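Trainee: The following block contains a protein sequence and its predicted model.
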Amino acid sequence: MSINWKKFNRQTHYWGAIICALPMLIVIVTGLLLLLKKDIDWVQPPSARGQGHIPEISFEQVLSAASSVDQAQIKSWDDIDRLDVRPSKGIIKIRANNRWEIQIDHQTMEVLQVAYRRSDLIDSIHDGSFFHDKAKLWVFLPSALILFILWVTGLYLFLTTHFAKKNNRKKRTHKLRNS
């Protein structure tokens, strides 16, 4: 029993495209947003500029400045996801657990900017961890593998079709010359 590779490839394309369509759409759309995150303020707030290049405030002062911003709902260090110190820009970015970002001057404690940061949320949607911890391995990884198979079988279909057309042209040209 021989395998009809053309039929197999077409069936693989047909079902593979249906299976991985939604996860790949999610990956493509979120990937585009992440590529443009520095260009779209809605995704990631732009970095402000503070004074100086050497941080001069203590961690307690950082917490105090962060606590002064109502939207961030910061009352203790447990409410802070991370600090991003940018000495060259003169700022400290404080990311609250609720995704609000506060940028403060690292010398004066002045709050320079408060904005909602969506890039981390978009990143978690992009890799599938937003949906469930195992979605990465059980939905997005198989979809990526199926997409790879679609690429290989599509390349096979393209090349076989291309070479078949080329051979047909040669045969027609050869027949015309011999007629």
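Mentor: Alright, I've got the coordinates.

Trainee: Secondary structure element for Met109, which one?
Mentor: Per DSSP states H and E: Met109 is located in neither a helix nor a strand.

Trainee: ok, it - contacts?
Mentor: Each residue near Met109 by CB atoms under 8 Å, 6 or more residues apart in numbering is listed here: Ile57, Gln61, Ser64, Ala65. To be clear about C-beta, it is placed using only N, CA and C from the backbone, and glycine gets the same treatment.

Trainee: Give me the neighbour count for Lys6.
Mentor: 12 (other CB atoms under 10 Å).

Trainee: Could you tell me which residues within the helix or strand containing it count as buried?
Mentor: Per DSSP H and E, Lys6 falls inside helix 5-35. Of all the residues in helix 5-35, those buried under the rule 16 or more other CB atoms under 10 Å are Asn9, Thr12, Gly16, Cys20, Pro23, Met24, Ile26, Val27, Thr30, Leu33, Leu34.

Trainee: could you measure the fourth one against Lys136, distance?
Mentor: When CB to CB, to the nearest Å is applied, the distance between Cys20 and Lys136 equals 14 Å.

Trainee: Gln103 in helix, strand or coil?
Mentor: strand (DSSP: H, G, I helix; E, B strand; the rest coil).

Trainee: Quick one: residues contacting the closest residue to it other than its chain neighbours.
Mentor: Closest residue in space to Gln103, ignoring its immediate chain neighbours: Gln113 at 4.3 Å, by CB to CB, 6 or more residues apart in numbering. By CB under 8 Å, 6+ apart, the contact list for Gln113 reads Pro45, Ala48, Glu101, Ile102, Gln103.

Trainee: Does Gln113 lie in a helix or a strand, and which?
Mentor: strand 111-116.

Trainee: for whichever helix or strand comes after that strand, what is the average pLDDT?
Mentor: In the C-terminal direction, the helix or strand that comes right after strand 111-116 (DSSP H and E) is helix 119-127. Across helix 119-127, pLDDT averages out at 94.

Trainee: mind listing what's buried in helix 119-127?
Mentor: Those would be Ser119, Ile122, Asp123, Ile125, His126, for helix 119-127 by 16+ other CB under 10 Å.

Trainee: follow-up on the earlier one: what comes up buried for the strand holding Gln113?
Mentor: Val111, Leu112, Val114, Ala115.

Trainee: Just grab the bridge partners of the closest residue to the first one other than its chain neighbours for me.
Mentor: Taking CB to CB, 6+ apart as the measure, Val111 lies nearest to Ile104, with 5.5 Å between them; neighbours along the chain are not counted. Legend: beta-bridge partners of Ile104 under DSSP bridges are Ile92, Val111.

Trainee: who touches the nearest residue to Phe140 once chain neighbours are set aside in this structure?
Mentor: In this structure, Phe140 finds its nearest non-sequential neighbour in Gly128, 3.9 Å apart by CB to CB, 6+ apart. Shown in contact with Gly128 (CB under 8 Å, 6+ apart): Pro23, Ile26, Ala135, Lys136, Val139, Phe140.
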